[in-house]
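>>> Please work out how this folds:
(one chain, ligands or ions: 1)
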Amino acid sequence: MHQGDRNQLAFLAVIGSLVLAAYFLLSRLYYLYFHPLASFPGPTNAATSRRWIYRVTDSGFPEEELEWLHKKHQTSALRIGPNELHITDVSKYKVIYSQANPFPKWGEFYEAFNSPHTVFTEVDAKMHKERRRLLNPVFSRAGVFKLEPIIHDKARTMIKKIDRLREKNDINVYDALRCLTTEVIMEFAFAKSANMLEEQETSFESWFLTAFDAVAGSLWKMQEFPLLRKVAGCLPDKVVERLDPQLVNVFRMLKYAESCLNHYEMHGNTTSHPVVFEDLSSLSHKNKVTEALDILIAGADTTASTLTAGMMHILSNPKIHTNLVNALGGVGAYSGNAEVFQLLELEKIEYLTACVKESLRVGMAVPGRLPRIVPHNAQPFVVDDKVIPPGSIVSISAYTMHTSEEIWGPDARIFNPDRWLKPESKSLDQYLCTFSKGSRKCIGQNVAFAEVTIVLAYFFRSFKMALPPGFQPPERKDKFTMECNPMQSIPIPKLHRLIESAQSPTLNRPAIGNVEDAEQESGAEISSSPESSGLVSMRGKGRTASFHDSSDVAPALLRTNINIHIHINGNSHIHRQFFPCILFVPD
Ligand code: HEM
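Next comes the predicted model:
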């Protein structure tokens, strides 16, 4: 190359870099000072690039970070992306997620689920309405009653297996529940079950759960790198498998869904209950498979994580535990006779329903953002006396709704079934946002409600249960739906440890009501540190955990058998946890 050519290339490289630098600088200036959302407070990095929210989302449980930032900036409309606000004004929930005029779903977010035009991902209101009309009957209350025998059948299989294994093997309750809920929805969506509950002789492991974890694990990456998603979508399966071996199970899952549809198309519905395929006859083969698979993914882990969280909370408070067992007629009342547990009967047990609702509230399986676009040609959307420009992306999280003291009172974060049993409690239903609200609310909520009710009844009538002393809870992970970090899932300890736990004074103690009591109980020191914006800081012996406020600390102490060492850094990197480990105490 001539010297002249080299000079020219160097010149072009310098100009290119300058143009790029000017572009970044100008776009930063635009987003910070001239964008329609420029006047809304939030972290600077969030205003200029979406990387900030991807990073926070990927960190595990973004809602706590957002809550802290709302407090820090003293705002109900926090800027969390160049064009996105997170809202905490709870009165606006029904405006965004309304029945008559809902704000439309933000397409880019839902594209990452890689299931275009299903009832869950469809952005176009008309097309969504049409698909929902097809599916509504099978998800109705009448449809759920027809599905009820399947739930009993699967619950009995699970209980029997736990009973068989509990003396010799560790049992992971979270996995057991995931197998159960997946199988129920499979029967419902595919007219066939993969027999996950019995897949392994001595555990509840299943290739299907591995596939689920792979799907959930890749979701935020798919959000962050839409190009990667598009490229991966064009590559042959074999190449994708090579790039990410975990995806083998995902393809296996797709193939399984397809084989179920083929079976259904050849033999028709051979079950005694309605199945989703029946309502989808007008769709193409491919769309039927995607819809059924989406319903399976939407309904399986969500219900299992709610159940797991609910059981942990119930077991962590002896009073609630005893009340529930008594309301159900005592442990051992289950005699293997399914008649005892008919849903209609169970729904009359007020304390059980209260525990179900509280499990759905506190153990919300979809705690995070459900992003929507502020519509044009509508009433101005005003938060903090500021009009939010049409075209902006907004959301109010279930986490925000369910931790609101304005709605639930000072014990908003505490698992308290009694809140549902007061004369005025009926009005609280409108604030239970676990399933979202309006025209895009969960179509499977009747199914989920039935499953949680029936399975809690089976567990608490079949076994004496207790949390083990001093176990390490797994990290809570929000991957759109709540997951336990599989690496940290703790198995149920073997029988010789049950005696120890049954004698543990912690398990018989009433809930500790406040920080002073908690300090006394634990011998640990609890303090509020100003640099962490009122978050609770606590030092003691043992392991590390973090809590958002003092009301969280007391029940946590009880649950974790106290010797915990809590510290919170200025950045409020918080790991609040729930516990998939439950002991089965022999009668
Ligand atoms: C405790 C269990 C469950 C929770 C917490 C839950 C939560 C939710 C939430 C929050 C949404 C709205 C999502 C959004 O706006 O992006 C939703 C939608 C949906 N859920 Fe559920 N769900 C549960 C169980 C189920 C079950 C059992 C099924 C199926 C059998 C199901 C199927 C669906 C479907 C198909 C949608 C999309 C509805 C639409 O957009 O019209 N879910 N769910």
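>>> these two touch, right, Ala309 and Arg361?
No. Counting by C-beta atoms under 8 Å, Ala309 does not reach Arg361; the two are 10.1 Å apart. No exception for glycine: its C-beta is placed from N, CA and C like everyone else's.
>>> Pull the contacting residues for the residue of the chain found nearest the ligand.
Among residues of the chain, the one nearest the ligand by C-beta to the nearest ligand atom turns out to be Gly444. It sits 2.1 Å away. Residues touching Gly444, when contacts are defined by C-beta atoms under 8 Å, 6 or more residues apart in numbering, comprise Phe139, Ile185, Ile295, Ala298, Gly299.
>>> which residues does Asp478 contact?
Remark: with contacts taken as C-beta under 8 Å, 6+ apart, Asp478 is in contact with Thr57, Gly60, Phe61, Pro62, Glu63, Pro367, Gly368.
>>> Now the residue of the chain closest to the ligand, what are its backbone angles?
According to degrees, to the nearest 10, the main-chain angles of Gly444 amount to phi -100, psi 20.
>>> ok, which residues in this protein are in contact with the ligand?
For the chain, the residues found near the ligand under the criterion C-beta under 6 Å from any ligand atom are 119-120, 132, 185, 295, 298-299, 302-303, 306, 365-366, 370, 434-436, 440, 442-444, 447-448.
>>> Now the buried members of those.
Under a neighbour-count criterion of 16 or more other C-beta atoms under 10 Å, the subset of these counted as buried comprises 119-120, 185, 295, 298-299, 302-303, 306, 365-366, 370, 434-436, 440, 442-444, 447-448.
>>> Next up, the contacts around His377.
Wrong residue type there; residue 377 is Asn, not His. With contacts defined as C-beta under 8 Å, 6+ apart, the neighbours of Asn377 are Pro390.
>>> Find me the pLDDT at it, would you?
Asn377 is assigned a pLDDT of 88 by the prediction.
>>> got a pLDDT number for the spatially closest residue to Phe113 that is not a sequence neighbour?
Using C-beta to C-beta, 6 or more residues apart in numbering and skipping residues adjacent in sequence, the residue nearest Phe113 is Thr121, 5.5 Å away. Thr121 is assigned a pLDDT of 94 by the prediction.
>>> Report pLDDT for Asp170.
69.
>>> closest to Tyr256 among the contacts of Gly444?
Proximity of those to Tyr256 was ranked by C-beta to C-beta; the top entry is Ile185 with 13.2 Å.
>>> Report the secondary structure element holding that closest one.
Assigned by DSSP states H and E, Ile185 falls within helix 173-190.
>>> roughly how far out does that helix sit from the chain middle?
On the basis of C-alpha atoms, centre = their mean, to the nearest Å, helix 173-190 is displaced by 16 Å from the centre of the chain it belongs to.
>>> Wait, Asp175 touches Gln200, no?
No. Taking contacts as C-beta under 8 Å, Asp175 lies outside contact range of Gln200: 9.6 Å.
>>> Compare these two (neighbour count), which wins?
Asp175 (23 against 14; other C-beta atoms under 10 Å).
>>> Against Thr210, how distant is the more buried one?
11 Å (C-beta to C-beta, to the nearest Å).
>>> before we move on, what about Ala309?
Taking C-beta to C-beta as the criterion, Ala309 is separated from Thr210 by 22 Å.
>>> Tell me which of the two has more neighbours.
For Ala309 and Thr210, the more surrounded residue by other C-beta under 10 Å is Ala309, and the numbers stand at 24 against 16.
>>> so the more buried one, which of the three states?
Using DSSP: H, G, I helix; E, B strand; the rest coil as the criterion, the local structure at Ala309 reads helix.
>>> can you count the residues close to Leu280?
Neighbourhood size, Leu280 [other C-beta under 10 Å]: 20.
>>> If you drop the residues flanking it in sequence, what lies closest to it?
Leaving aside its chain neighbours, Leu280 sits nearest to Lys288 (4.9 Å; criterion: C-beta to C-beta, 6+ apart).
>>> try Ile96
Phe103 (4.9 Å).
>>> Which residue is the nearest non-sequential neighbour of Arg132?
Val119 (5.6 Å).
>>> That neighbour and Arg131 touch, don't they?
Yes. Using C-beta under 8 Å as the test, Val119 is close enough to Arg131 to be in contact (4.5 Å).
>>> what do the two both touch?
In contact with both Val119 and Arg131: Glu291, using C-beta under 8 Å, 6+ apart.
>>> How confident was the prediction at Phe188?
The model reports Phe188 with a pLDDT of 87.
>>> Over to the one 10 residues further on?
Confidence at Glu198, expressed as pLDDT, is 94.
>>> Quick check: buried residues in the helix or strand that Asp294 is a member of?
With secondary structure defined by DSSP H and E, Asp294 is part of helix 285-316. By neighbour count on 16+ other C-beta under 10 Å, the buried set for helix 285-316 is 287-316.
>>> what does stretch 44-63 give?
Applying a neighbour-count criterion of 16+ other C-beta under 10 Å, the buried positions in stretch 44-63 are 46-50, 52-63.
>>> With stretch 258-270 instead?
By neighbour count, and taking 16+ other C-beta under 10 Å as the criterion, the buried residues in stretch 258-270 are Glu258, Cys260, Leu261, Tyr264.
>>> and if you look at stretch 405-421?
Of all the residues in stretch 405-421, those buried under the rule 16+ other C-beta under 10 Å are Ile407, Trp408, Ala412, Arg413, Ile414, Phe415, Asn416, Pro417, Arg419, Trp420.
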